[in-house]
Every structure is written in structure tokens, then in C-alpha cells.
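Colleague: okay, here's the prediction I keep looking at, along with the sequence it came from:
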Amino acid sequence: MTYIVNAFSLNMIDSQEFPVSVNVMPLEIGLGYTVMDDGYGDQVYFTKIGHYDATELVSGIGHADTCNQLNELLKGSQVYWSPNYKMNRVSLKLKKGSTVVVAQYTGPRLPEGTTVLPEGANFKFYEVTICSLGEV
């Protein structure tokens, strides 16, 4: 199970795992597709974040407004399946080999209840993997 979170903290690493290396890779949003098993072979599109199907990521996002903004960003006119993230405040304890997808908001501080990102604000996506010390 891979979580999507809105921030990464060293507190997310299980303290029994130290020392560790943290590998951070940027991810892009894109489209994936599957062929429907309905006899017609129709292609159905879904949102991808890097190589991840966005609908298969489990929310570890601690703010409802962030979930709403991500859901809006990740749906598109061609997309049949898009994520429907819900606020889910979880305490993650990542072990070596664990990965999370971080949806990092960049922009001015948002007032409570913001439903539309201000101009120039966006999300950048990263894959964060906990590795053995020296491993990349």
C-alpha cells in the first residue's frame, strides 16, 4: 500500500530503522489507460502520478481542503477514473524500502476553506523512498 501525503517529515520514519538514506524523485502527472473487458476493447483513461495509478494511492492527507484541491487537479476531461481522496490523518512509521508519494503545495499560505488555488500556486509531486544508509 502506497500513501499519498501532503508533506514529508523525518517523524514519519520508524526510529528503529535509523540510520537511513532518503531518496526523493520528482514525479509528473499524466494519463494512463486500460482496455475495458467488455468485448468492445474500449480504452478508459485514468490519472497517473509518475508510474502510480492515482486511484490506487491511499490518502494520508491531513487537510480536507488539500484533498479537495488535489481531487480537482487530478481529474480531467478524458479521465474516467480519478482519485477521490478524503482527509485521513494517519501516523505513518516508514521502514526501509517504504515509499510515499508527496503532493507538495507551493504558493502563498491559503486561508481556511480555499477551494481554488491562487494564481501561481500548484502542487509538485515527489516519490520519497526510505533506503538503507548509502543505498540509492
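Modeller: Thanks, I have the structure now. Numbers count the residues shown, from 1 in each chain.
Colleague: could you point out the longest strand of the protein?
Modeller: Taking DSSP state E as the assignment, the strand of the chain that covers the most residues is strand 122-132.
Colleague: contact partners for Y126?
Modeller: F8, V24, M25, P26, L27, V101, V102, Q104 (C-beta atoms under 8 Å, 6 or more residues apart in numbering). For every residue, glycine as well, the C-beta is placed using N, CA and C.
Colleague: what's the burial count for T2?
Modeller: 14 (other C-beta atoms under 10 Å).
Colleague: quick one: L70 is in a helix?
Modeller: Yes: under DSSP: H, G, I helix; E, B strand; the rest coil, L70 sits within a helix.
Colleague: and it, how many residues sit next to it?
Modeller: 23.
Colleague: dump the residue contacts of it.
Modeller: Contacts of L70 by C-beta under 8 Å, 6+ apart are I4, I61, P83, Y85, A103, F123.
Colleague: who are the contact partners of the fourth one?
Modeller: Taking C-beta under 8 Å, 6+ apart, we find Y85 in contact with I4, L57, S59, I61, C67, L70, N71.
Colleague: mind running it again at 7 Å?
Modeller: I4, S59, I61, C67, L70, N71 (C-beta atoms under 7 Å, 6 or more residues apart in numbering).
Colleague: what helix or strand is it on?
Modeller: In the assignment (DSSP states H and E), Y85 maps to no helix and no strand.
Colleague: do the first one as well
Modeller: I4 is located in strand 3-5, with elements delineated by DSSP H and E.
Colleague: contacts for the helix or strand that that strand is followed by?
Modeller: Counting by DSSP H and E, the next helix or strand C-terminal to strand 3-5 is strand 20-27. With contact meaning C-beta under 7 Å, 6+ apart, strand 20-27 is reached by 13, 49-50, 96, 101, 125-136.
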